[in-house]
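> Sharing a model that was predicted from the sequence below.
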Amino acid sequence: MDNNKLAELLFPEIDKTPQEYEAMYPARWEEPGDVIVTRLGPSPTGFIHLGNLYGAFVDERLAHQSRTPDGEQGIFYLRIEDTDDKRYVEGAVETIIRSLGFFGINFDEGATMEDSSVADDASNGAYGPYYQSQRGPIYQAFVKDLVRKGQAYPCFLTEEELTAIRSEQEANKETTGIYGKYAEKSRNLTLEEIEANIAAGKSYVMRLKSSDTSAGSVNGASGKVKYEDRDGVTYFHVNDAIRGDVAMPVNDQDVVILKANGIPTYHFAHVIDDHLMRTTHVVRGEEWLMSLPIHVELFEKLGFELPTYCHTAVLMKIDEETGNKRKLSKRKDPELSLDYYRKEGYHPQAVKEYLLTILNSNFEEWRAANPEADIDEFRFTTEKMSSGGALFDLDKLRDISKDVLLRIPADELADYLLEWAREFKPNAAPLLEDKEYLTQILDLGRHDNKPRKDLIYAKQIFDFISYFYDEYFIIEERIPEQVSDEDAKEILKRYLETYDHSDDQSQWFEKIRTITADLGYAVKPKDYKKHPEDYKGSVAHVSTVVRIAVMGRSQSPDVWSIQQILGEDRVRERISQLIG
RNA sequence: GGUCCUAUGGUCAAGCGGUUAAGACACCGCCCUUUCACGGCGGUAACCCGGGUUCGAUUCCCGGUAUGAUCACCA
């Protein structure tokens, strides 16, 4: 068979050669050193989840903390993998960029916020186009070259034939797919048959003509792949930055590289794009690990240097029904959606920090040693990444969030809370517009030696501070059982009578003590504890009555400080209200 | 079923041939305290199983077992 003729028959329009494309996308640096180029390659479904964020964070850190010998920063770019037209969702790219931007992850290059269907140049950077759907001619040029070299061929198998082959294989308990003898029919088509099929308008795909690359027939992916014979089966070894040495049988499947519509499959697009865009590190979920043999073969056959793979672990959770670990699913698990965190009002910084603690086992230690340091100062390493799937732990997130929020100044927190409320609690938002008031509230008890850590996420914060706003103030707890209704009234009556808003904290508490003693309660809680029969209750119970009157609840920060923020009028009014 | 990843307390995890097997979260108790939180102290709780290698295995090797992943003209 004349491969050149076949190539021309299949791709008459394609006139560029791989060499020309190589020249169009030269090396990014003359002296790259250890600089890293990563990419995020989402399909534009518009659904960004925690797993994406997790991976994106690895990409971003890896690239941005690396430098060339000349001090230039590594590059993190966005490539849209829209080879499956069924998946496209309107506005998805914008959503992706915005969602990640919310968490402080920004791209240096690639697809931009502009609408790709409107703007000619919806991306920036010299290694585009960054939409795979716009790269058709590039892929085809490389496939054409593969055909010339006899390493790819058209396959006219229909869906029915494919299904028949699969059924046969399943019945025989063989590996499914097109390989070995199952590939022969298509591989052995003559030029005339192919011509006739095409003339008849038959639809076809392009398949890779798989062969054992271990013989060293090609460039060897620049020494990054090692081969080994295990009982007659050829295995290859690749060093994964997260998992270390990974060994698998070499690929023998004649996988589809170009679909019937001329668009490449993920496998082919990955190899071409990451090579041409000069990606050094490919970060992707472990679900891709099993297709590594295909990619290794493609890199070998095309003579490209293999990038460094980083196969990340999948985020898991315990399934309530089965009790087993399982991959987080976007259908069942709302906490997988990034929107969930926005709605609950988890601060992006907290989510980021949580992700880092499960991403790098030594992060927590580093954070403990450097509580004030910027998160980007942490030196992220793939070696410290766990290769097992971590369970998502909401408790841990909350714990981390407390500390993260403590490091954020109250006025910034006020802005954050207001912004959150505008979107998710619009009725309450106007109340929060009084920033000075809100800031005081949020700053309560944060500057002591042992600062309070009451604030976790926006929704919780709002509930926590809601009593500061009359519109949300309700008495939600009963007075303690040690205090009779009569006493409660008496306590509040006397409290109101003696109340002086200008009292300092100790003067204020002295008055509480007086009331406590006068009504037969223990001024020292310990006395009541030791001799409960001598008292009705203790100062704790008396204080609780005041708490409930002023805040509607028994648990809160320091009462005196709260009253100072609430203001005299509100305090008096709330107490009078309860006395009736 | 084939192939591959993984395997330390409830969870996340240090460990990389000899340790009283760290630490964090959660849980429990005590202390601090006008409540709660914070903080401090203490506690319960772990090396999947079976063979090897070795003077000695949580650690190395080989088998199981289990979890997970993957076997598309989806990514």
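Cool, got the structure.
> only C-alpha atoms for contact and neighbour calcs from this point on.
Fine.
> Any idea how many residues pack against A:F464?
Using other CA atoms under 10 Å, A:F464 has 15 other residues around it.
> show me the contacts for it.
A:F464 makes contact with A:L455, according to CA atoms under 8 Å, 6 or more residues apart in numbering.
> separation between it and RNA strand B?
Using CA to the nearest atom of the strand, to the nearest Å, A:F464 is found at 10 Å from RNA strand B.
> immediately after the one helix or strand that residue maps to, which helix or strand?
For A:F464, the element it lies in under DSSP states H and E is helix A:458-465. Sequence order places helix A:485-498 as the next helix or strand after helix A:458-465, per DSSP H and E.
> contacting residues around stretch A:530-549?
Residues from elsewhere that reach stretch A:530-549, judged by CA under 8 Å, 6+ apart: A:475, A:477-480, A:482-483, A:488, A:491-492, A:512-513, A:516, A:520-525, A:528, A:553-555, A:559, A:574-575, A:578.
> got the CA coordinates for it in CSV?
Only the C-alpha atoms of stretch A:530-549 are listed here, as CSV (Å, rounded to 0.1, in the frame of the first residue of the first chain):
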residue,chain,number,x,y,z
LYS,A,530,-20.1,22.8,96.9
HIS,A,531,-23.2,23.7,98.8
PRO,A,532,-26.2,23.6,96.4
GLU,A,533,-28.6,23.5,99.3
ASP,A,534,-27.5,26.9,100.6
TYR,A,535,-28.4,28.8,97.4
LYS,A,536,-31.0,29.0,94.7
GLY,A,537,-28.3,29.1,92.1
SER,A,538,-25.2,31.1,91.2
VAL,A,539,-24.1,34.2,89.5
ALA,A,540,-23.9,32.1,86.4
HIS,A,541,-27.7,31.6,86.4
VAL,A,542,-28.3,35.3,87.1
SER,A,543,-26.1,36.3,84.2
THR,A,544,-27.8,33.8,82.0
VAL,A,545,-31.1,35.6,82.6
VAL,A,546,-29.5,38.9,81.5
ARG,A,547,-28.0,37.1,78.5
ILE,A,548,-31.3,35.8,77.4
ALA,A,549,-33.0,39.1,77.8
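> quick one: contacts for A:F142?
A:T17, A:P18.
> quick one: it from A:I257, how far?
As judged by CA to CA, to the nearest Å, A:F142 and A:I257 stand 11 Å apart.
> what's the nearest residue to A:L338 once chain neighbours are set aside sitting at in phi/psi?
Among residues not flanking A:L338 along the chain, A:H49 sits closest, at 5.3 Å (CA to CA, 6 or more residues apart in numbering). Per-residue torsions, A:H49: phi -120, psi 180 (degrees, to the nearest 10).
> number of nearby residues for A:H49?
By the other CA under 10 Å criterion, the neighbourhood of A:H49 contains 20 residues.
> so what's it bridging to?
Beta-bridge pairing of A:H49 under DSSP bridges involves A:S337.
> how close does it sit to RNA strand B?
Taking CA to the nearest atom of the strand, one finds A:H49 at 13 Å from RNA strand B.
> Kindly report the same for A:A517.
13 Å.
> and that residue, what element?
helix A:505-518.
> Would you indicate which residues of that helix are buried?
Of all the residues in helix A:505-518, those buried under the rule 16 or more other CA atoms under 10 Å are A:W508, A:K511, A:I512, A:R513, A:I515, A:T516, A:A517.
> any chance of those residues in a markdown table, with pLDDT too?
As requested, those are exported to a markdown table (pLDDT from 0 to 100):
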| residue | pLDDT |
| --- | --- |
| A:W508 | 93 |
| A:K511 | 92 |
| A:I512 | 92 |
| A:R513 | 92 |
| A:I515 | 92 |
| A:T516 | 92 |
| A:A517 | 90 |
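> Including distance to A:F236, could these go into JSON lines?
Supplementary listing: the buried residues of helix A:505-518 in JSON lines, determined by distance: CA to CA, whole Å:
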{"residue": "A:W508", "distance to A:F236": "77"}
{"residue": "A:K511", "distance to A:F236": "81"}
{"residue": "A:I512", "distance to A:F236": "78"}
{"residue": "A:R513", "distance to A:F236": "79"}
{"residue": "A:I515", "distance to A:F236": "83"}
{"residue": "A:T516", "distance to A:F236": "80"}
{"residue": "A:A517", "distance to A:F236": "83"}
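> Need the max-distance pair from those residues.
Greatest spatial distance in those: A:W508 and A:A517, 14.8 Å, computed using CA to CA.
> low pLDDT regions in the stretch 251-400 of chain A?
For the stretch 251-400 of chain A, applying pLDDT under 70 flags the ranges A:317-335, A:389.
> That one against RNA strand B: which residues are in contact?
Counting by CA under 7 Å from any atom of the strand, the residues of the stretch 251-400 of chain A close to RNA strand B are A:255-256, A:259-261, A:264-266, A:286-291, A:314, A:324-327, A:357-358, A:361-362, A:365, A:384-393, A:395-396, A:399.
> Which among those count as buried?
Counted by 16+ other CA under 10 Å, those give A:255-256, A:259-260, A:264-266, A:286, A:289, A:314, A:327, A:357-358, A:362, A:385-387, A:389-392 as buried.
> residue contacts, A:N3?
Applying CA under 8 Å, 6+ apart, we find A:N3 in contact with A:V147, A:R148, A:K149, A:G150.
> quick one: which of those is most hemmed in?
Compared across those, A:V147 has the highest neighbour count, 26 neighbours, by other CA under 10 Å.
> Would you check that my belief about that one contacting A:E8 is correct?
No. Counting by CA atoms under 8 Å, A:V147 does not reach A:E8; the two are 9.4 Å apart.
> And what about the residue of the stretch 101-250 of chain A found nearest RNA strand B, helix, strand or coil?
Here the residue of the stretch 101-250 of chain A nearest RNA strand B is A:M248; by CA to the nearest atom of the strand that distance is 4.4 Å. Secondary structure, DSSP: H, G, I helix; E, B strand; the rest coil: A:M248 is strand.
> Please name the bridge partners of the closest residue to it other than its chain neighbours.
Excluding the flanking residues, the one nearest A:M248 by CA to CA, 6+ apart is A:Y235, at 5.2 Å. When bridges are called by DSSP bridges, A:Y235 pairs up with A:E228, A:P249.
> what's A:Y235 in contact with, if anything?
Applying CA under 8 Å, 6+ apart, we find A:Y235 in contact with A:Y227, A:E228, A:D229, A:A247, A:M248, A:P249, A:V250.
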